[in-house]
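> need the 3D shape of this:
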Amino acid sequence: MKPNILEATRQHRITAILRGIQPECIKPVVQALFDGGIRLLEVTFNQKSPSRLEDTAGAIQWAKEAFGAELYVGAGTVMSQQEVLAAKQAGAEFILAPNVDEQVIRLAVEQGMCAIPGAMTPTEIARAYAAGAEIIKLFPAGNLGLGYCKAVMAPLNHIPMIAVGGVDQQNLPSFLKAGFIGAGIGSNLTDRELIQKGDYAGLKALAEEFVSAAQV
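Predicted coordinates for the structure are as follows:
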């Protein structure tokens, strides 16, 4: 049965973004995030890396095997059809992108995955939704500011959106109250300093802070 990523996002709110994490740290990082209450995980493709297909697919496959249906796992920075197929084969249930590419969106939907493309303008948002995206990632939400986000979302209130870019524990409640169904959170949650120190208890505590902040 196809997982309902839209409903999972409405319920759990936070998608943790794994970007630039050393391969040997992936397992303890994901475990700490899970123990802290995170239930949606995005493993990004590093577009500069020649081994990105294998690296990202390997992390996705491990996470799905380790946590099964308890953790929704997707691929991030998906910018090609090849990456869509690699993500699907690895067990990804959704894909995210920084941009709107109708071919990527349609292929992801054909493959039974939820497509969450990144968009900034009303035209991009509407275009992505028309192409089959279930959720739109308003990006970069934090840089654009709440005023901009609210103005864009008002006439497009039929389109589910998540806020990505510059979201932290302090402003997360404001984004959710503004109408976002959730948020994608990268370095503010997957704290490099904690990971480098191997402080996975601290990472779990940080995840708990975000989960608590999302209860609005």
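
> quick one: contacts for Pro28?
With contact set as CB atoms under 8 Å, 6 or more residues apart in numbering, Pro28 has these partners: Gly198, Tyr200. Placement of C-beta: from N, CA and C, glycine included.

> wait, is it part of a strand?
No. Going by DSSP: H, G, I helix; E, B strand; the rest coil, the assignment for Pro28 is helix, not a strand.

> show the pLDDT at it.
Looking at Pro28, its pLDDT is 97.

> what of the one 5 residues further on?
Predicted confidence (pLDDT) for Leu33: 98.

> three-state assignment of it?
helix.

> isn't Gly132 right up against Cys114?
No. The criterion here is CB atoms under 8 Å, and Gly132 misses it with Cys114 at 9.8 Å.

> which one of those two has more residues nearby?
Under the criterion of other CB atoms under 10 Å, the comparison of Gly132 against Cys114 puts Cys114 first, with 24 against 16.

> once you drop chain neighbours, what's closest to Ile125?
Leaving aside its sequence neighbours, Ile125 sits nearest to Ala119 (CB to CB, 6 or more residues apart in numbering; 4.5 Å).

> which residues in the chain form helices?
Counting by DSSP state H, the chain has helices at residues 5-12, 26-35, 52-67, 81-90, 102-110, 122-130, 141-144, 146-153, 172-177, 192-197, 200-213.

> output those helices as CSV; include the columns distance to Ala75.
Putting the helices of the chain into CSV (distance: least, CB to CB, whole Å) gives the following:
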stretch, distance to Ala75
helix 5-12, 12
helix 26-35, 14
helix 52-67, 6
helix 81-90, 4
helix 102-110, 9
helix 122-130, 17
helix 141-144, 20
helix 146-153, 25
helix 172-177, 23
helix 192-197, 20
helix 200-213, 20
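
> and of the ones you listed, who's closest to Ile159?
Set against Ile159 and scored by CB to CB, the helices of the chain come closest in helix 122-130, at 5.0 Å.

> neighbouring contacts of the closest one?
Val100, Glu102, Ile105, Pro117, Ala119, Ile136, Leu138, Val152, Pro155, Leu156, Ile159, Met161.

> okay, now the unreliable bits of the chain?
When residues are selected by pLDDT under 70, those of the chain lie in 1-2.

> how about 90 then?
Applying pLDDT under 90 to the chain picks out residues 1-3, 20, 22-23, 49-51, 216.

> quick one on the thing from earlier: how many neighbours does the residue nearest to Ile125 have?
24.

> same question, Val73
Neighbour count for Val73, taken as other CB under 10 Å: 27.

> also Gly76?
28.

> and for the closest residue in space to it that isn't next to it in sequence, the neighbour number?
Nearest non-adjacent residue to Gly76, counting by CB to CB, 6+ apart: Thr44, 3.7 Å away. Residues lying near Thr44 (other CB under 10 Å) number 22.

> isn't Thr44 right up against Asp55?
No. Checked against CB under 8 Å, the pair Thr44 and Asp55 is beyond contact range at 9.9 Å.

> quick one: end-to-end length of stretch 10-22, please.
Stretch 10-22 has its terminal residues 30 Å apart, counting by CA to CA, to the nearest Å.

> for it, list every residue counted as buried.
Neighbour counts over stretch 10-22 (16 or more other CB atoms under 10 Å) mark His12, Arg13, Ile14, Thr15, Ala16, Ile17, Leu18, Ile21 as buried.

> kind regards, and thank you for your time.
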